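Undergrad: please find the sequence and the predicted model below.
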Amino acid sequence: AASGGRHLSAGLLSSQSCCSALQVPFEIFGLGSFANYVEKLTVSVPPSNKVMRSRLLSFIVPKAQIVVNPYPLDNPSAWTMKLFLQPLYDMKVLYIAITLLCVCILLIIIIGILQWFEFREDRLEKQKESQRFHFDAM
């Protein structure tokens, strides 16, 4: 939830072919807008012989799409799960990347200017040192 507490949700996919109206074979299930990881997500298939068939997904990143293929039905450990991220789908990521790039360029410019001042000061110091009269040379 937005307050940082736990939030429990459930989604259901029921396929039917009554009156030639075949439903889509997938479920779009949204959790809303949140910025934290999803701690646990359980994907289950109804039991056929009183044995629950489910697979637990943990620590899912925000704004990710998850595709679960529950095949073979009797072997949940063999189910394939894919996680899709679209970082440029949300413009905030692009703004953060541009800001980070600008800060890096600014720091490089500042470091370059300070390095140039240091180099110039060292060169002037060498010139002054070379113009001093050394009494040890006599």
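TA: Received it, and whenever you're ready, just let me know what you need.

Undergrad: neighbours around Gln131, how many?
TA: Neighbour count for Gln131, taken as other C-beta atoms under 10 Å: 7. Just so you know, the C-beta spots here come from the backbone N, C-alpha and C atoms, and that holds for glycine as well.

Undergrad: which ones are touching it?
TA: Taking C-beta atoms under 8 Å, 6 or more residues apart in numbering, we find Gln131 in contact with no residue.

Undergrad: from Asn49, how far off is it?
TA: Note on Gln131: its distance to Asn49, by C-beta to C-beta, to the nearest Å, is 98 Å.

Undergrad: do Pro25 as well
TA: Taking C-beta to C-beta, one finds Pro25 at 23 Å from Asn49.

Undergrad: pick out the residue closest to the middle of this protein.
TA: Val61 (6.4 Å; C-alpha atoms, centre = their mean).

Undergrad: my guess is that one contacts Tyr37. True?
TA: Yes - the pair Val61 / Tyr37 is scored as a contact, 6.2 Å apart, by C-beta atoms under 8 Å.

Undergrad: so for the residue nearest to the centre of the chain, what's the pLDDT?
TA: At Val61, the model reports a pLDDT of 80.

Undergrad: after the helix or strand Leu41 falls within, next one along is what?
TA: Assigning secondary structure by DSSP states H and E places Leu41 in strand 38-45. Heading C-terminal from strand 38-45, the first helix or strand you meet, by DSSP H and E, is strand 53-60.

Undergrad: now that next one and strand 38-45, what's the angle there?
TA: 160 degrees (axes from the mean of the first three to the mean of the last three C-alpha atoms, to 10 degrees).

Undergrad: sounds good, over and out.
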